[in-house]
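K.L.:
kindly generate the corresponding structure for this input.
(one chain, ligands or ions: 1)
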Amino acid sequence: MRFSFFKSFFDAASVLADLVFPVSCAACDKIISRKCFQVCDKCLESIFYINGSAAFDDIVCPEICGFYSLGFYEGTLKKLIAAFKYNKKKKLAAFFVNEAVRRSGGNFLPGPVSGFDVLIPVPIHESKLKERGFNQSELLACEISKVCGIEVCHDAVFRKKETLEQNKLNYDERFNNLLGAFEINYKKVYQIKRKNVIIVDDIITTGATVKSLAALLKAHGAANIFVISVARTK
Ligand SMILES: [Zn+2]
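P.N.:
Down below sits the predicted model:
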């Protein structure tokens, strides 16, 4: 009786909040109920998810044992990542991770990454951090940590070179762009040495960024490296 009273109260409060402070879908801007959690049903249905074992396809790289992506970088997911990074819709980090959990039957990070020790978000350069105000990969890593309990290491590596946006370059330019981009924080090497590391990134295109970071981590003693991203290009 008491439970149903509180439920009715919160439902009514939610309806009222929707009227006073309307929430819009992060992908299409349509006004939605806050129960939809950021994205309207129509946009949610249009996300091009990567299904089953294809989501865990191996990347061709000796430093990386595998990677997981929620979906392909196109359509709705592309719009959502843009809203997340450039329109500061930071709550989408939780949305992406919750979608990964939902799609894996509530058991995020099954098989391939059991026994991993630490999450390392791909670092962004200090100037970009000032401009954007946050590192999108760090927000994702923190949300992943909440669901799987693996700790996030925020400062084992940093970006010493201000690189150009990878998606604006051709294949060769991407690799040259990243040469010497990352540097290890020697004070924190103990957090990666002999540890199984999960690198977290928002988008994988050629994989040049994560390959470059993985090579650096391996050179400083990391054991196995797995990569998790929200999206990857086909
Ligand atoms: Zn929508």
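K.L.:
residues near residue 187, how many?
P.N.:
Residues near residue 187, counting by other C-beta atoms under 10 Å, number 9. The C-beta positions use only the backbone N, C-alpha and C, and glycine is treated the same way.
K.L.:
sorry, wrong one. I was asking about residue 107.
P.N.:
Neighbours around residue 107, by other C-beta under 10 Å: 10.
K.L.:
looking at this, it is in a strand?
P.N.:
No - read with DSSP: H, G, I helix; E, B strand; the rest coil, residue 107 is coil and lies in no strand.
K.L.:
mind checking how far it is from residue 67?
P.N.:
Between residue 107 and residue 67 the computed distance is 18 Å (C-beta to C-beta, to the nearest Å).
K.L.:
surely residue 153 meets residue 190?
P.N.:
No - using C-beta atoms under 8 Å, residue 153 is not in contact with residue 190; the gap is 10.1 Å.
K.L.:
any residues of the chain in contact with the ion? List them.
P.N.:
Within the chain, the residues that sit near the ion (C-beta under 5 Å from the ion) are 25, 27-28, 40, 43.
K.L.:
so which of those residues sit within helices?
P.N.:
Taking DSSP state H, the ones among the residues of the chain next to the ion that sit in helices are residue 43.
K.L.:
contacting residues around residue 142?
P.N.:
93, 152 (C-beta atoms under 8 Å, 6 or more residues apart in numbering).
K.L.:
my guess is residue 67 contacts residue 227. True?
P.N.:
Yes - counting by C-beta under 8 Å, residue 67 touches residue 227, with 3.7 Å between them.
K.L.:
neighbour count: these two, which is higher?
P.N.:
Per other C-beta under 10 Å, whichever of residue 67 and residue 227 has more neighbours is residue 227, with 28 against 25.
K.L.:
report the separation between residue 62 and the ion.
P.N.:
Distance, residue 62 to the ion, using C-beta to the ion, to the nearest Å: 41 Å.
K.L.:
actually residue 22, sorry about that
P.N.:
For residue 22, the distance to the ion - C-beta to the ion - is 14 Å.
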